[in-house]
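Enquirer: next one to model:
(2 chains)
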Amino acid sequence: MWREIGDREAGKLRPSSFSNRVKSNRIQTLQLSNQKEIVSPHRGAINSLQVDLTEGRYLLSGASDASAAVYDIQRGTDYEGGGAISKHKAIFVVDKQHENGHKYAVSSAVWYPVDTGLFVTGSYDHHINVWDTNTTQVVMNFKMPGKVYRTAMSSLATSHMLIAAGTEDVQVRLCDIASGAFAHTLSGHRDGVMTVEWSTSSEWVLVTGGCDGAIRFWDIRRAGCFLVLDQSQSQLGRRPPVLQRSATNKGSTAKPLLASQSSFAKARAQQRKHTNGNGAKSSTSKIPVKGSMKQRLHPGMLSSQDRATAHYGAVTGLKVTDDGMYLLSAGSDSRLRLWDVESGCNTLVNFETVRLQTSKPIQLATSPNSPLAFVPCMTAVKAFDMWSGRTALTFRGHYEHVNCCWFSLQDQELYTGGNDRQILVWSPSRLISDEDEGPVKDEDNWSD
Amino acid sequence: MSVWNYVVTAHKPTNVTHSCVGNFTGPQELNLIIAKCTRIEILLLTPLGLQPVLDVPIYGRIATLKLFRPHGEAQDFLFIATERYKFCVLQWDVETQELITKAMGDVSDRIGRPTDSGQIGIIDPDCRLIGLHLYDGLFKVIPFDNKGQLKEAFNIRLEELQVLDIKFLYGCSKPTIVVLYQDNKDARHVKTYEVALKDKDFVEGPWSQNNLDNGAELLIPVPPPLCGVLIIGEETIVYCSANAFKAIPIRPSITRAYGRVDADGSRYLLGDHAGLLHLLVITHEKEKVTGLKIELLGETSIASTISYLDNAFVYIGSSYGDSQLIKLTLQPDAKGSYVEVLERYVNLGPIVDFCVVDLERQGQGQVVTCSGAYKDGSLRVVRNGIGINEQASVELQGIKGMWSLRSSTDDPHDFFLVVSFISETRILAMNMEDELEETEIQGFSSQVQTLFCHDAVFNQLVQVTSSSVRLVSSTSRDLKNEWHAPAGYSINVATANATQVLLATGGKHLVYLEIVDGVLIEKKYVQLDFEISCLDINPIGENPNYSQLAAVGMWTDISVQIYSLPDLNRITKEHLGGEIIPRSVLLCTFEGISYLLCALGDGHLLNFTLNTTTGELTDRKKVSLGTQPITLRTFSSKNTTHVFAASDRPTVIYSSNKKLLYSNVNLKEVSHMCPFNSAAFPDSLAIAKEGELTIGTIDDIQKLHIRSIPLGEHARRICHQEQSRTFAICSVKNNQTGAEDSETHFIRLLDDQSFDLVTYYQLDAFEYACSILSCSFSDDSNVYYCVGTAYVLPEENEPTKGRILVFLVEDGKLQLIAEKETKGSVYSLNAFNGKLLAAINQKIQLYKWTLRDDGTRELQSECGHHGHILALYVQTRGDFIVVGDLMKSISLLIYKHEEGAIEERARDYNANWMSAVEILDDDVYLGAENFYNLFTVRKNSEGATDEERGRLEVVGEYHLGEFVNRFRHGSLVMRLPDSDVGQIPTVIFGTVNGVIGVIASLPQEHYSFLEKLQTNLRKVIKGVGGLSHEQWRSFCNEKKTSDTKNFLDGDLIESFLDLSRGKMDEISKQMSVPVEELCKRVEELTRLH
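Expert: Residues are numbered from 1 along each chain as shown, chains lettered A, B, ... in the order given. Predicted coordinates for the structure are as follows:
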């Protein structure tokens, strides 16, 4: 570390490279935290974890005992071991006792992305509640057609306040906090929707994964989905050699019905790019990122495309990488797939998964720096290298199945929650520089 | 409250990051364009060397600087891209001599992760498109249309994940890039792609090459007729094209920069990490490459950029040392080097650490920086002062006085220089060859010491010796008249102007003579109470040849008196107080105000405002200029009168805005000075110093002067100890023994005057010095140097072991008094309540200094505080400790005496990666962070809840655009208690680019006024390339971008003074403040640095 600090001081190491390097070094050493401990108030499986996106300070958890809780992860409530170990008790818990609390399991709890004044919980009691954090009162309530599996809000959105909800129902519903009503429903899935995820590059793009094994991309300004991922489409990055290319070029000007998969993907890609350009860029830049106005208004997909699947079995988890270029998906077929978002191609990275939980949605996490994908694999959480698929780290600590994980890039900490009702913190190993007379540390602080 | 801050650059960036050569200012003019991170400089190549054309700030950190020539243009355009994804195309307008913006835009994207290896910007050699690699996995293309205008940009997916370099290939019918990249298995390959502009995609290129040198990092495209690309590795250099592959092994080195010598691309200059310059030659038969040859040319500064200018002249831009202009010689010199350094351009960067010292104890800070890196490491002494450009000098010992004389009253130039010694007087004059030559004035007495000389009216000269006053014709040079001192009395001091002579003889006599044509007339004589020590009759009234007043300094009663002339009536008497006699008095006028300056024998200077009619002395002020007697003389430079105070610390006294200002002259001890405005040396000064007579011109007033002390190794930390008059530095020596580079770490002790090495202490193997401090402990009168170290073992990610070493300087040696092992690296050391506060990895640890039974001392740990990721930067004030964390911003700790414990009081919850912290006042703390921002936080003691009190509120945010390594309280200018700016607290900072800046905490009223001015200036002063000042100064890091808050850009505000009168009027109207008032207030600010 000292060497890197020295290189940064002397300008030999770019500050951004410095911070990236430090982050990825720290991530390599993640282990069960010997300095931070979260005291879980839940009496049921932890289903959802999220740290707020504004300050990176408050962890929100949702559990099967119909409760949700918030913890301050930056400032401990108690300290042990001469200040070296901080304990974090919940700041508040909302549970069945609460007048507007959920009756059944909270499957999803997410922060309002703009500030920590609101959070949203989705429950198996068919309701989505919007809570005021400061008063811990329900300020809005949406009645859904079935058990709520997952809720999501876009962290980019500046022009809408929509909660996307995946439920037992085949339709994905968008609940509008601004109006308190359903904005619209997205139809296409043939079975319940286990997981929903907003794009990290456009506020209008939503990705959903259903029990039908499909992953659908929606532009919420338009009807229908514009992309269904197909696990067999895997020609990413292959560019035709010079000669062949000129042939296809000629072909494409003649608009043949050849619609090879790669060129089809390209057309959609252009549409995607256009949405980017319209969303935020063109207003600020003199030269818009993308000007092509050619687009397919309604894809009117071929039924074969519409029936494409991303996984055999249900899609149980989705995660878009922070750079907006890739999508990671988990399925009940115990597979992880990494998709190139722009082309919709399966990258064919072979993740060394063993078994994934099949019955419940799982919450995945990624770190942009290493780059790693954190995936609950039964009782353990594994971190896979995103490009090789190799297992980089394995986190064993939970006694039962792990349902969710959240990676905080700000602190380089991983939070995991499982059926054993524990929330575990995994932090970069820290050398305790206690002096000789310092208190002896209880290294075995993870079991109780 | 130090909430309202003003940030200004005292020393501009000097780290040269980019350079290019082309015809920018005219089709026939060859220009060198240099980027210094946030500035560009345009220079013109002339037979006389590099002439500056323009030096402008860019509102952005320059990531790409490229010259290109669109089709049909006669001269080059300049493309600049900034690190915050803005770009612009600039053209030179010959008529107005200004830059005009041809195009500008934003190329940021929401998708993609910023590249780790830095942004790449390239322009197709046939000018069809600009390529940018800004985000991993994306290649951005800005195409040109047929008219050379830029069209809409688009992205192309680039599957290569770790791109190291991208270049355009020459001689391809379609634009073709060559990509050097690293795969998942860390192997490096190159690949080519054609850019299909119509399809907005790549097409597989003509060739690729797998498994290159593992250190390959640089691509050099080879122009036609050869074409292809050179791949520069650490151990091999490869030439690669569709049909050829040639490789040669090289001595292991990391090539940092290259410059193409010939237009046909057969020769290249390569500069490596050790500063060695090589010539790479592609041997070829016609268009077929037959091989590569490499030859060592010699050593330069470590190059970050190389530009071959013309005729074997090469510009070497450096980030780690001074940039250079070199000439490549045909024949090697005695050392076998083909490099001849013609000029060096000072570079302070990277300023890793610095300290502010006041070595002469006169209230003016000097900054001593640890600058440069590797072999180019040095210390730089930066101070605000005036330089003398030496033009001629002769060795002359024992000068007792100097005066310049004209050959006739009407001659505008001085002709003679009279130099007086203890027992003779010599006269120098300019000869036909413009050389100073000894000559004679027959009428002068040359066998005795001269007390005073002056030109007199009617083509006469006056010489005063101890026995007589001689009046000599300046044309015939014969003695015309002589006034003898009364028998038994000798003349002690004398002064004169063109028509008057005043002298003092022994016996307390004061004699007044007047000069007429050919005769000296004794007009008046008085006997005073005490002996006279000094005299002056410099005319300050309307008549430039005649003074109505005489100033007289007295022995014994230590006073200065004003007498009227010609009747020698005493008008005023002013006791000076103290025991030091006045040694020089001077009547002078600055900006219409008359002053009496009176210099004492101990280096102090008193100044009074003089009422010329009543002789009344008011506004007495005293400053210390040096420690030795001062001699005062007036001189003029650029038609303004200044006063030169010759002493051990020569100083120029001048007036600005009706205030007297003092500026150091960068000379050691000057005994005498006289203006010598001769035809050959116009506007020069003759200066007598240390056995030498120098003739030189004087710099502009107010300029930073930099003295360089090369170390040959990289200094990392510096600290000054007043008691031992030494500097201690922590430095790293890079030893290159064979292929292995090893490092040795030293603590070096330098004399604070001569900067000679006194002694050194070598640290253990793998032991790095991380921090150094000079401090004393309670119950111990000694002052120690404490050094914190870390054992950096190759296999360890973070040091687990370090030491704190306590040294005492005794007889020029570093005596190790105590040593304490720590469990981690000691990032910071602070003196704290008579104890030592160390930041060790994530812990803050307090040590007390205890006496053991056997009389030896040791450091004993008292208490500590956990809760940091890495506590890198620590500052203390009273019981408060401010910690700058690696990634967790600033936290405030407090030491509780009763409990003997350190507790956290408050914290900033933002995720700022810190690079420096400083305490501005009790409540406000300043931080610099990783992404070139500054911010201030405030302690909220009055918060209603624990939560509020425990949170440091962010009160100021600003994008500096510079990486700050250190803040220190202090000032570069002499702080005069009477001036307005003297009350403004300032902090100095040093950055990687060699910037020395000042942050001044202004009163709120002052701040609001300037904020309004800044807003108005933004409208009037447009950024180069249309870049917005407001956006540039907005706080911006990975997480957020927010507007500037409570910081002002002093560089913008001070550029008000450079505006044309019309624009000033415009702003004055907007502000409804008169221009004079605006100028005055801005000028006041310029005196902060």
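Enquirer: contacts for stretch B:754-769?
Expert: A:2-3, A:6, B:379, B:381, B:709, B:716-717, B:726-727, B:730, B:732, B:744-751, B:787-794, B:803, B:805, B:807, B:812-814, B:816, B:825 (Cβ atoms under 8 Å, 6 or more residues apart in numbering or on different chains). All C-beta spots, glycine's among them, are computed from the backbone N, C-alpha and C.
Enquirer: the residues you listed in strands, which ones?
Expert: Of these, the ones assigned to strands by DSSP state E are B:379, B:381, B:709, B:716-717, B:726-727, B:730, B:732, B:744-751, B:787-791, B:803, B:805, B:807, B:813-814, B:816.
Enquirer: show me where the stretch 101-250 of chain B has its helices.
Expert: Using DSSP state H, counting those that start in this stretch, the stretch 101-250 of chain B contains no helices.
Enquirer: around chain A, which positions in it sit nearby?
Expert: B:103-114, B:116-118, B:135-137, B:142, B:150-155, B:157, B:159, B:161, B:184, B:193-194, B:196, B:198-204, B:206 (Cβ under 8 Å from any Cβ of the partner chain).
Enquirer: the stretch 551-700 of chain B now?
Expert: Counting by Cβ under 8 Å from any Cβ, the stretch 551-700 of chain B has no residue next to chain A.
Enquirer: also the stretch 751-900 of chain B?
Expert: So the stretch 751-900 of chain B meets chain A at B:768, B:770, B:790, B:792, B:797-800, B:822-825, B:827, B:840-843, B:845, B:861, B:864-867, B:870, B:872, B:886-887 (Cβ under 8 Å from any Cβ).
Enquirer: list the beta-bridge partners for B:Glu438.
Expert: B:Glu438 forms beta bridges with B:Leu428, as assigned by DSSP bridges.
Enquirer: how deep is it tucked in, by neighbour count?
Expert: 10 (other Cβ atoms under 10 Å in any protein chain shown).
Enquirer: how far away is it from chain A?
Expert: Applying Cβ to the nearest Cβ, to the nearest Å, the value for B:Glu438 to chain A is 54 Å.
Enquirer: for that residue, which residues are in contact?
Expert: B:Arg426, B:Ile427, B:Leu428.
Enquirer: can you give me the strands in the stretch 201-350 of chain B?
Expert: Assigned by DSSP state E, counting those that start in this stretch, the stretch 201-350 of chain B shows strands spanning B:201-209, B:218-221, B:229-232, B:236-241, B:244-249, B:255-260, B:267-272, B:276-285, B:288-299, B:303-310, B:313-318, B:323-328, B:339-345.
Enquirer: what residues sit buried inside the third one?
Expert: Buried residues in strand B:229-232, counting neighbours by 16 or more other Cβ atoms under 10 Å in any protein chain shown, are found at B:Val229, B:Leu230, B:Ile231, B:Ile232.
Enquirer: need the contact partners of that strand.
Expert: Contacts of strand B:229-232 (Cβ under 8 Å, 6+ apart): B:167, B:169, B:178, B:180, B:190, B:209, B:212-213, B:216-222, B:237-241, B:255, B:258, B:268, B:270, B:280, B:282.
Enquirer: and what of the fifth one?
Expert: Where contact means Cβ under 8 Å, 6+ apart, the residues beyond strand B:244-249 that reach it are B:209, B:228, B:235-239, B:288-294.
Enquirer: the second one too?
Expert: If you take Cβ under 8 Å, 6+ apart as the criterion, strand B:218-221 is touched by B:125, B:165-170, B:178, B:180, B:190, B:228-232, B:255, B:258, B:260, B:268.
Enquirer: do the fourth one as well
Expert: With contacts defined as Cβ under 8 Å, 6+ apart, strand B:236-241 is touched by B:190, B:207, B:209, B:212-213, B:216, B:222, B:226-231, B:245-250, B:280, B:282, B:289, B:292, B:294.
Enquirer: sheet partners, orientation included, of that strand?
Expert: Applying DSSP bridges, one finds strand B:236-241 paired with strand B:229-232 (antiparallel), strand B:244-249 (antiparallel).
Enquirer: nothing else from me, thank you.
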